[in-house]
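A.B. asks: Mind looking at a prediction? Sequence and model below.
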Amino acid sequence: MAAAAPVAPLWGADLYQGTDVAALNFLEKAWMNWYIWIGNPVIATGLMSFLMHEIVYFGRAIPWIIIDSMPSMRKYKIQEDRVPTPEQQWKCTRYVLLTHFTVELPQIWSFHPLCEYLGLATHEVPFPSWTKILIQIGCFFVFEDMFHYWAHRALHWGPLYKHIHKKHHEFSAPFGLAAEYAHPLEVLILGMGTVGGPFLYCAITKDLHILTVYIWVTLRLFQAIDAHSGYDFPISMHNWIPFWAGADHHDHHHMAFVGCYSTSFRWWDHFMGTDASYKRYRARQAEEKRKAKEEGLEWPTKPASKTATGAPLSKSAVHKKVQ
Ligand SMILES: [Zn+2]
Ligand SMILES: [Zn+2]
């Protein structure tokens with residue numbers, strides 16, 4: 001019996017043989033047209049993934065750069081005595097762009113073959129339902145938060161900190177752009193929490209569309225950039241979702257160097273007792289704000305005297321500040 005001829009990979013319009021185009025919505029048609037226009041699905045997925053990452057990352061960081069340049073916003077700054085300089089922001093931008101193009105771009109290019117291998121839908125239309133998308137994203141948030149808590153704690157172990165994680169802690173008073181200011185190995189290790197959830201989910205269920213992964217990555221980038229913003233507004237999410245971590249939580253990690261290891265939620269730090277220093281410090285700061293208000297002083301009571309870098313406060317200094 002003759003061996004079956006190998007099936008040629010489908011390209012461009014051939015990907016959509018048998019698709020009922022009339023039943024597709026506007027977004028689904030645009031998605032289909034992108035894959036037809038680019039032709040090669042590996043390039044179509046790779047290019048879309050890279051562009052999405054760049055547009056979301058810098059698009060979300062720009063409002064924080066503007067806020068940093070507005071003195072009227074300083075009353076919402078968590079480390080009220082520290083503001084990043086334009087030089088520090090530019091240095092950070094250059095480094096982040098360099099790692100995006102040299103470390104992340106080659107990985108993103110291998111994304112489509114990996115998706116195919118795991119059975120993750122890429123060019124396929126129609127999209128899954130919103131209910132399915134939301135449930136899957138909820139699972140990814142919980143998985144990433146757990147993964148990040150333990151991997152991040154491990155990165156604070158002496159040798160790993162010295163050779164890998166120290167780079168990310170260069171800014172002890174972070175700002176939006178600093179979210180991905182990290183050693184390439186750190187991007188790889190902690191990035192596993194972001195893509196590992198979808199890959200694991202897909203390997204088990206074989207029911208995941210890359211659109212869901214894009215929405216998840218967008219929300220995760222928003223979370224990471226906002227957590228590094230250095231600002232806490234009355235409308236910030238953690239003020240109406242009590243278990244959401246936000247900038248209030250992660251800013252303290254950069255300032256105190258220990259504790260508050262998780263990304264999106266507060267429960268791991270709460271149950272492991274790694275947020276004790278944070279709670280004491282915030283209570284003290286709230287007291288200072290209350291006293292300033294009582295005395296009719298405007299917060300912050302002192303001008304910003306430090307920039308975004310500098311050694312994180314030593315344990316004893318944090319202890320002293322929170323007493
Ligand atoms: Zn850290
Ligand atoms: Zn950070």
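C.D. replies: Ah, there it is. What you see is a predicted model; the values in this text were computed from it and never measured. Ligands and ions are numbered 1, 2, ... in the order given.
A.B. asks: in the protein, which spans are helices?
C.D. replies: Along the chain, the segments classed as helices by DSSP state H run 26-38, 41-68, 86-99, 105-109, 111-118, 130-155, 158-163, 184-205, 210-227, 246-256, 267-272, 276-294, 315-322.
A.B. asks: just the angle between the fifth one and helix 41-68, please?
C.D. replies: With axes from the mean of the first three to the mean of the last three C-alpha atoms, to 10 degrees as the basis, helix 111-118 and helix 41-68 are set at 120 degrees to each other.
A.B. asks: orientation of helix 111-118 relative to helix 210-227 in degrees?
C.D. replies: Using the same axes, to 10 degrees: helix 111-118 against helix 210-227 is 120 degrees.
A.B. asks: And helix 111-118, what's buried?
C.D. replies: Phe111, His112, Cys115 (16 or more other C-beta atoms under 10 Å). Yep, even glycine has a C-beta here, placed from its N, CA and C like the rest.
A.B. asks: wait, which of these is closest to His253?
C.D. replies: Lowest distance from His253 to the buried residues of helix 111-118 (C-beta to C-beta) belongs to Phe111, with 29.7 Å.
A.B. asks: With Tyr16 as the reference, measure out to that closest one.
C.D. replies: 21 Å (C-beta to C-beta, to the nearest Å).
A.B. asks: got the contact list for Thr45?
C.D. replies: Phe111, His112, Cys115, Thr122, His123, Ile210 (C-beta atoms under 8 Å, 6 or more residues apart in numbering).
A.B. asks: State the pair within these that is farthest apart.
C.D. replies: Using C-beta to C-beta, the two most remote members of the contacts of Thr45 are Phe111 and His123, lying 13.0 Å apart.
A.B. asks: tell me the mean pLDDT over stretch 153-161?
C.D. replies: Mean per-residue pLDDT for stretch 153-161: 96.
A.B. asks: gap between it and the chain center?
C.D. replies: 20 Å (C-alpha atoms, centre = their mean, to the nearest Å).
A.B. asks: Show me which parts of it are buried, residue by residue.
C.D. replies: Arg153, Leu155, Leu160.
A.B. asks: quick one: the last one and His152 touch, right?
C.D. replies: No. Taking contact to mean C-beta atoms under 8 Å, the distance of 10.3 Å between Leu160 and His152 leaves them out of contact.
A.B. asks: so where's the stretch 151-300 of the chain shaky on pLDDT?
C.D. replies: The stretch 151-300 of the chain contains residues with pLDDT under 70 at 299-300.
A.B. asks: again, 80 this time
C.D. replies: 297-300 (pLDDT under 80).
A.B. asks: hmm, back to that, would a markdown table of the contacts of Thr45 with distance to Gln88 be doable?
C.D. replies: Shown next, in a markdown table, are the contacts of Thr45 (distance: C-beta to C-beta, whole Å):
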| residue | distance to Gln88 |
| --- | --- |
| Phe111 | 32 |
| His112 | 37 |
| Cys115 | 37 |
| Thr122 | 39 |
| His123 | 42 |
| Ile210 | 35 |
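A.B. asks: Would you agree Tyr57 is in contact with Thr218?
C.D. replies: No. Applying C-beta under 8 Å as the test, Tyr57 and Thr218 come out as separate, 9.8 Å apart.
A.B. asks: Quickly list what's touching both of the two.
C.D. replies: Common neighbours of Tyr57 and Thr218 (C-beta under 8 Å, 6+ apart) do not exist.
A.B. asks: Looking at these two, which one has more neighbours?
C.D. replies: Set side by side, Tyr57 and Thr218 show more neighbours around Tyr57, with 22 against 17, by other C-beta atoms under 10 Å.
A.B. asks: Need the pLDDT of the more buried one.
C.D. replies: Listed pLDDT for Tyr57 reads 97.
A.B. asks: Thanks a lot, see you next time.
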